[in-house]
Structures are given as C-alpha cells and as structure tokens.
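Participant: Just the structure for this:
(one chain, ligands or ions: 1)
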Amino acid sequence: MSHTRFKRILLKIGGESLIGDRPYGIDPTAAMNVAEHIKQVYVKHVEVAVVIGGGNIFRGIAGSKNGIERATADYIGMLATVMNGLALQDALEKVGVPTRVQSALQMPAVAESFIRRKAMRHMEKGRVVILAAGTGVPYVTTDTGASLHALELKCDVLMKATKVDGIYDKDPAKHPNAKRYSTLTFKDAIENEAIEVMDTAALAMSSENNMPVMVFELFKGDNLLKAVEGVEIGTYVSNDVETKLAG
Ligand code: UDP
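Facilitator: Predicted coordinates:
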C-alpha cells in the first residue's frame, strides 16, 4: 500500500474539462486526458468517486434565460451530466481503470441508480464510481451534489479540479493583480462576494460538516496526484485553517 494523505476522495470536475478545443460538447481526447489524471491516483489505491458536471453541454440557468422553465432546464442539465459520465467511463476503462456510473436520476439502461452503500462498496473493490445527475433535483448544481456525495460517502476531502489553479481574491481572468489564497476559511469563502468558487449551498454544507475542499487546476502537471499526496497546491478551504495568500 502506498501512503497518501487522502485515502478516499470526491473529485468534482466540471463538464468543461471534457470540451477540449471545441466550443461545446465532448472531445474524446480531453476525456482521455482526464482519465489519465484519475488513473495516477487510482494506481496509488486511492478510492475515487467522481462527480461530473454538465456545463460543456447544458446549464439550467442558461436554458431558463432562453425561455425554458427553470426546473425543466435543470433536468436537461442533469441529463448532460449523464452523457459526460458515460464518456468519462469509456475513457477510464480504455486506460484500464474499472468504473461504475451511478445516476441520481434513474436510467437503468445506461447507469446504476445511486445507492450509497453500493457506491462505497464499488470503491472498496477498486472501482472508480462516477456520479452523474448531481443531486437528482433542480435548482442546484453539481457542486452541491459533490458536497452531499463527499459527506455521505465519507470521503476525506472534496477536490474541485478546475481551469484555475486555486481561489483568488478577485477574478484572475479580469484582474491581472489577483492573488491566490493558499488556505481559506469557509467563513471567508462564503462572506467574500468576490470569491466565486462554488455555490454558497455547497460551501455551507461542507463547512457545517467539516468537509475540507481543495481547489486546483486539473490539467497542470500531476496536480491531482500531488493533491492526494499532500503537496500544497491550489487552495485548501477548511474550518481549521487561517485565511492566507500564497507566498
Ligand atoms: N443540475 C441540477 N441539479 C443537480 C446538478 C445539476 O439541476 O443536482 C443541472 C443544473 O441545471 C446545472 C446542470 O445540471 O447547471 C449542469 O451542471 P453544472 O452546471 O453543475 O455543471 P459544471 O459547471 O460543473 O460543468
């Protein structure tokens, strides 16, 4: 057995990680790239549950702005996450990582239904569990699903792998002088309106239940592997740290 800081992780990846150079949808090469990153931690015997978003295909809020009823738009968004889950399953199995997809919306022809104890058993047996359809209910996003699943599956940490290498004091895409936090309290993450890293619901649930959240850039080097090994990358959000900017 190898020694990693975290034994069981909930990895939240946005749908955009599957988009590659396309304007929209799923790029198989990008999916393979994500799979290779996950394999790096899988071979270290880390138990992995993945919550996949759907933003590369459909986001409920955008759909509702275009005239679709919000709840219906959100269900369409959840279906997008199922498509992504299947694409990720395909990529992971191509690199030799056994998987199961579980969906919070029942879809027995393509995925198991989400059953908490079964998901935990899959992980114990060395399967990566891909959790699709978020929470299964509208008006929230997959970040909330990630927080819920991290808690109920007794994960050590919620890792949110994004395009940005951590949480900044202001949007780094708009402000070149934005500074990254190395550690951040949940209180500051929730109270500072300039910080838009996750839904407030997801942050509040993680905070109330002491589930630490790590935010880092997925595609940079071996970041996921480093994160599970305990190397300080990105931003670590917890009730047990002080808010500090990176050095
Ligand atoms: N969604 C939902 N309930 C959930 C999870 C997701 O209604 O529990 C819908 C929501 O419309 C969301 C869409 O699915 O916009 C896609 O998920 P998300 O926006 O979280 O994807 P990401 O930004 O992570 O790619």
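
Participant: From now on I want contacts and neighbour counts done on CA atoms only, so please keep to that.
Facilitator: OK.

Participant: buried stuff in the lowest-mean-pLDDT helix or strand in the chain?
Facilitator: Ranking every helix and strand in the chain by mean pLDDT, DSSP states H and E puts helix 60-65 at the bottom, with a mean of 91. Within helix 60-65, the residues scored as buried using 16 or more other CA atoms under 10 Å are 60-61, 63.

Participant: Low-confidence bits of the protein, can you list those?
Facilitator: In the predicted model, the chain carries pLDDT under 70 at residues 1-2.

Participant: Quick check: residues of the chain near the ligand?
Facilitator: Within reach of the ligand by CA under 6 Å from any ligand atom, the chain has these residues: 14-16, 53-56, 59-61, 73-75, 77-78, 133-143, 145.

Participant: Out of those residues, list just those in helices.
Facilitator: Mapping these onto helices (DSSP state H) picks out 60-61, 73-75, 77-78, 142-143, 145.

Participant: now those: which count as buried?
Facilitator: Using 16+ other CA under 10 Å as the burial test, those include 60-61, 73-75, 77-78, 142-143, 145 as buried.

Participant: the helices in the chain, which residues?
Facilitator: Assignment of helices within the chain using DSSP H yields the ranges 28-42, 60-65, 70-94, 116-124, 142-152, 186-191, 200-208, 223-229.

Participant: and those helices as CSV, adding distance to residue 169?
Facilitator: Output for the helices of the chain, formatted as CSV (distance: least, CA to CA, whole Å):
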stretch, distance to residue 169
helix 28-42, 27
helix 60-65, 25
helix 70-94, 29
helix 116-124, 36
helix 142-152, 20
helix 186-191, 10
helix 200-208, 16
helix 223-229, 21
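
Participant: which one of those helices lies closest to residue 165?
Facilitator: Closest to residue 165 of the helices of the chain is helix 223-229 (CA to CA; 9.4 Å).

Participant: just to revisit the earlier point, relative to the whole chain's centre, how far out is the least confident helix or strand of the chain?
Facilitator: Between the centre of helix 60-65 and the centre of its chain there are 21 Å (CA atoms, centre = their mean, to the nearest Å).

Participant: Then stretch 80-99?
Facilitator: When distances are taken as CA atoms, centre = their mean, stretch 80-99 is centred 14 Å away from the chain's centroid.

Participant: ok, and for that stretch, which residues are buried?
Facilitator: Across stretch 80-99, burial judged by 16+ other CA under 10 Å covers 80-93, 97-99.

Participant: and the residue sitting nearest the centre point of the chain, what are its bridge partners?
Facilitator: By CA atoms, centre = their mean, the chain has its centre lying nearest to residue 12, at 0.7 Å. For residue 12, the beta-bridge partners are residue 51, residue 160 (DSSP bridges).

Participant: now it: how far from residue 146?
Facilitator: From residue 12 over to residue 146 the distance is 6 Å, taken as CA to CA, to the nearest Å.

Participant: List the contacts of residue 205.
Facilitator: Contacts for residue 205 (CA atoms under 8 Å, 6 or more residues apart in numbering) come out as 147-148.

Participant: give the contact list for residue 79.
Facilitator: By CA under 8 Å, 6+ apart, the neighbours of residue 79 are residue 133.

Participant: Was I right to think residue 75 contacts residue 61?
Facilitator: No - counting by CA atoms under 8 Å, residue 75 stays clear of residue 61, with 11.0 Å between them.

Participant: any shared contact partners between the two?
Facilitator: Counting by CA under 8 Å, 6+ apart, nothing touches both residue 75 and residue 61.

Participant: mind exporting the least confident helix or strand of the chain as CSV, just the C-alpha atoms?
Facilitator: What follows is helix 60-65, C-alpha atoms only, in CSV (Å, rounded to 0.1, in the frame of the first residue of the first chain):
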residue,chain,number,x,y,z
GLY,A,60,-30.0,25.1,-16.4
ILE,A,61,-29.7,28.8,-15.7
ALA,A,62,-28.7,29.5,-19.3
GLY,A,63,-31.6,27.4,-20.6
SER,A,64,-34.1,29.2,-18.4
LYS,A,65,-32.8,32.6,-19.6
